[in-house]
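Chemist: can't give you the sequence, but here's the structure:
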């Protein structure tokens, strides 16, 4: 028996205590070991964190997006400007992109090592004063080129939203010199508003004035360059710009702006307000603006424009929203004339022949008026967090009018008409008429403007005898109604794959006619009979007297349909991104004549019409376009990238380059008077092949891109109209040869080649100073000898090949460079300057003088005095002088409470350099003898006509943002 004594009791308690302590030590050891292991594991975990602050104020910036470019991982800074990547960032060299709306995006390289912490404190962002102070974008849609047929108009609009230094330089520094990116027309780029394409069927180009003056609400743009993939459409070889005008995308607040300039207008005022997305799911944005001025830089170029915008959106729930947008921007502007060098020498580069005084005020005879409202309804369905479907309906209607004087029986009213200039008298066949030349010179110097009074007097004298008006002012009108419906699908198939697709339908009905807008004092009316050839413009209503507001000369409709679709897949991986896309488009055009043109009917012996090539419906023309493109970006490191893209597409020609003279007849390229033209191919789709390769360098200090590019265009058509002397093959009604004729010139099967390189580079040398440079070196030429034929009334004459191969394409300088700097002070003022250099700009050659017609006499044999050496000199393409343009910009902003006041000013062409931006050879002297004699005159009578750039000019802008 065991007896428990006190001693035994204490012994047993002591032994139990030792056992407990031993157990606790073991547990403590296990706990400490586990804690140590956990801390060791934590210490070995890779961490990427940091902070972002304002480069000037040193204040932390919240809500900044930090992106690992190779993987797409993103984090956002907190209220203290701090961020921490929750997911593991891959080891090795990485590039962090640091971005926030209203700030300039920056990139920082990092190296991630296993078990190490990457802590990048105090990364800096600069406020994007450009977006606050409007920088140059305020004038992009205002400064339209006066040459309405030029494809370079507003190429800057396609590029203004790009952050690429070269493309922004092209938009803001090069555009005033008619520069074309890669030598391409603006119809090679797509412009969309809320996913609805705005490019016109008629020209293939966007009509930027449709939303002119609405800068504050049209600045939310997404730009994809060149053949890069777009989430909205297949695009052209110049890329795609989508303007996002959904009401919920605008920051809450308002803005009032006043501007003054001597460029296109003298005054501008704008006001806008956005509600932001409200608690009840509604959002709205409204804006109104006005731009006006009696004249811009060129004399007599009035400007009168009003602009209105409204966008209302309802977010129904987390998945569905509906947005309604309306845009109305009616505008009127006076055009300016291209002139010969003789005219510029006498009157200066501001001279404009289109205006004259009437009742003590300047009145321009050439007014372009655009009034085309746009309404659209957009439905967005966020099917899931990774899939969205956007369905859009757009309708545009209204009118575009271009006025001019109709000379129906009087002398040519143009003050710069060749018979009114000194050169005409100096080229007298009997020897120079010095007295006549001096008198013409003095008359032109002392006046030289359109004499409206003479036109009224001429009509008044005809009123007494009951004759129709010798002159009237009429307008060429295009009244379009266009419906667009599309649906755009985007989905992330995985973390690495994005799929885009869209189906698009467009329908156009375009009514085209001439309308008398001012009879200039005639109380009889205008005649609807051709004054030169005597045919009726409308046999259905012969000898009709036309009053103001009535149609005359021509009247027809064009109906067009387009059904297109595209699909695209984008793949993104650590080392390489690539994409592939394809499209198909069906397009058809059909003309319906509403006047029966007397020059385009054929009679039998009994006087009955047996062929009508004018009235009713013409052939339905159908085209099928296909497109394919692909590209990849290889990331050598986070700093060094290689980007390669290539594509091939076919597309329908624009309406303007399809019909050879739609105002008179059904003729189209390859077909005349309802019959095929011998030795001229049928009209077909244009074919475009394009490729480019880029090296891209990105570091926190330097960003650069060097690109080589190649584009070939095949089977294009070019159609122009002019009065020609010295053409062969035309006869009058008696069968006698006619060498002077108003003609339509058709170049068929034109091939063009565009090859060159682009460079853009910028360096943030200090937090306040940035250096930047850009350059483009190109060679843009005709690449074959296309067919040429001329049409006049119902006669067509083929001239065979036009020897254009290797002639340079006109359209601005083929070489351009810019160097400049920006200084941004901590006190929120900034200043910048650029020097821009331009060269290798050429006059647009006349194709007719490069055909056999140039050297053949009326009998088809070469002129007996033809000199090949002199001919080569006469046909040498003119190259314009090189020039430099210096531009200055600057501004300041002040913060008053939560509001901002800002000031911006720019001075263009500071050194007031005179330079030619473009020009064309007149086709009037179409053969060797005519051109030789004109060139041998003391002053050329029919020399090329030119456009000059603006001299020194300014723009001042003041705004209040709340």
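Modeler: Ah, there it is. As the structure is a prediction and not an experimental result, all values here were calculated from the model.
Chemist: okay, now residue 196: neighbour count?
Modeler: Residue 196 is flanked by 27 other residues according to other CB atoms under 10 Å. Using the backbone N, CA and C atoms, a C-beta is placed for each residue, glycine as well.
Chemist: Next, the contact list for the nearest residue to residue 166 once chain neighbours are set aside, please.
Modeler: Excluding its sequence neighbours, the residue lying closest to residue 166 (CB to CB, 6 or more residues apart in numbering) is residue 760, at 3.0 Å. Taking CB atoms under 8 Å, 6 or more residues apart in numbering, we find residue 760 in contact with 164-167, 169, 704-705, 772-774.
Chemist: Please flag which of these sit within helices.
Modeler: 165-167, 169 (DSSP state H).
Chemist: For residue 324, state which of the residues you listed is nearest.
Modeler: Comparing the ones in helices among the contacts of residue 760 against residue 324 with CB to CB places residue 167 closest, at 32.2 Å.
Chemist: returning to what we had before: tell me which of the contacts of residue 760 is nearest to residue 952?
Modeler: Proximity of those to residue 952 (CB to CB) peaks at residue 169, which lies at 20.6 Å.
Chemist: Spit out the contact partners of the nearest residue to the closest one once chain neighbours are set aside.
Modeler: In this structure, residue 169 finds its nearest non-sequential neighbour in residue 774, 3.8 Å apart by CB to CB, 6+ apart. Residue 774 makes contacts with 165-166, 169-170, 173, 758-761, 817-818, as judged by CB under 8 Å, 6+ apart.
Chemist: With pLDDT and distance to residue 931 added, can I get those residues in TSV?
Modeler: Converted to TSV, the contacts of residue 774 look like this (pLDDT from 0 to 100; distance: CB to CB, whole Å):
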residue	pLDDT	distance to residue 931
165	88	45
166	92	40
169	89	39
170	89	36
173	90	37
758	97	37
759	97	40
760	97	43
761	97	46
817	97	35
818	97	38
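Chemist: Pipe these into a markdown table and attach distance to residue 460 per row.
Modeler: A markdown table is the format used below for the contacts of residue 774 (distance: CB to CB, whole Å):
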| residue | distance to residue 460 |
| --- | --- |
| 165 | 61 |
| 166 | 59 |
| 169 | 56 |
| 170 | 53 |
| 173 | 52 |
| 758 | 60 |
| 759 | 63 |
| 760 | 62 |
| 761 | 66 |
| 817 | 58 |
| 818 | 56 |
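Chemist: where exactly do the helices run in the stretch 51-200 of the chain?
Modeler: Secondary structure of the stretch 51-200 of the chain (DSSP state H, counting those that start in this stretch): helices at 129-133, 155-159, 165-169.
Chemist: Pull the distance from stretch 914-921 to the chain's centre.
Modeler: Averaging C-alpha positions (CA atoms, centre = their mean, to the nearest Å) puts stretch 914-921 20 Å from its chain's average.
Chemist: in it, what's buried?
Modeler: 915-921 (16 or more other CB atoms under 10 Å).
Chemist: quick one: which two of the residues you listed are the most distant?
Modeler: Going by CB to CB, the pair spanning the buried residues of stretch 914-921 furthest: 915 and 921, at 19.0 Å.
Chemist: and residue 667, what is it in contact with?
Modeler: So residue 667 contacts 613, 659-661, 673, 791, 796 (CB under 8 Å, 6+ apart).
Chemist: didn't residue 514 look like it was pressed against residue 552?
Modeler: Yes. With contact defined as CB atoms under 8 Å, residue 514 counts as touching residue 552 (5.7 Å).
Chemist: joint contacts of those two?
Modeler: In contact with both residue 514 and residue 552: residue 474, using CB under 8 Å, 6+ apart.
Chemist: one step back: gap between the helix or strand harbouring the residue nearest to residue 166 and the chain center?
Modeler: If you go by DSSP states H and E, residue 760 is part of strand 737-764. Relative to its chain's centre, strand 737-764 lies at 16 Å (CA atoms, centre = their mean).
Chemist: again, but for stretch 110-118
Modeler: Centre to centre, stretch against its chain (CA atoms, centre = their mean), the figure for stretch 110-118 is 46 Å.
Chemist: which strand residues sit across from residue 391 in the sheet?
Modeler: On the basis of DSSP bridges, residue 391 is bridged to residue 379, residue 487.
Chemist: With residue 901 instead?
Modeler: Per DSSP bridges, the residues bridged to residue 901 are residue 894, residue 960.
Chemist: I'd say residue 479 and residue 401 touch.
Modeler: No. Between residue 479 and residue 401 there is no contact under CB under 8 Å: 9.1 Å.
Chemist: And the closest residue in space to residue 226 that isn't next to it in sequence, how close does it get to residue 683?
Modeler: Excluding its sequence neighbours, the residue lying closest to residue 226 (CB to CB, 6+ apart) is residue 239, at 5.3 Å. Distance of residue 239 to residue 683, given as CB to CB, to the nearest Å: 27 Å.
Chemist: ranges for the helices of the protein?
Modeler: 6-44, 129-133, 155-159, 165-169, 341-347, 422-426, 434-446, 452-464, 868-874, 928-936.
Chemist: What about the closest residue to residue 913 other than its chain neighbours, how many residues nearby?
Modeler: Distance criterion CB to CB, 6+ apart; nearest residue to residue 913, sequence neighbours excluded, is residue 883 at 5.6 Å. When counting by other CB under 10 Å, one arrives at 20 neighbours for residue 883.
Chemist: Ok, residue 853 next?
Modeler: 22.
Chemist: how much space between it and residue 859?
Modeler: From residue 853 to residue 859 the distance is 13 Å (CB to CB).
Chemist: same question, residue 191
Modeler: In terms of CB to CB, residue 191 sits 53 Å off from residue 859.
Chemist: what about residue 934, distance to residue 768?
Modeler: Residue 934 is 58 Å from residue 768, by CB to CB.
Chemist: Let me fix that, I meant to ask about residue 363.
Modeler: From residue 363 over to residue 768 (counting by CB to CB), the distance is 51 Å.
Chemist: Please say which of those two ends up with more neighbours.
Modeler: residue 363 (18 against 15).
Chemist: in the sheet, who's paired with that one?
Modeler: residue 356.
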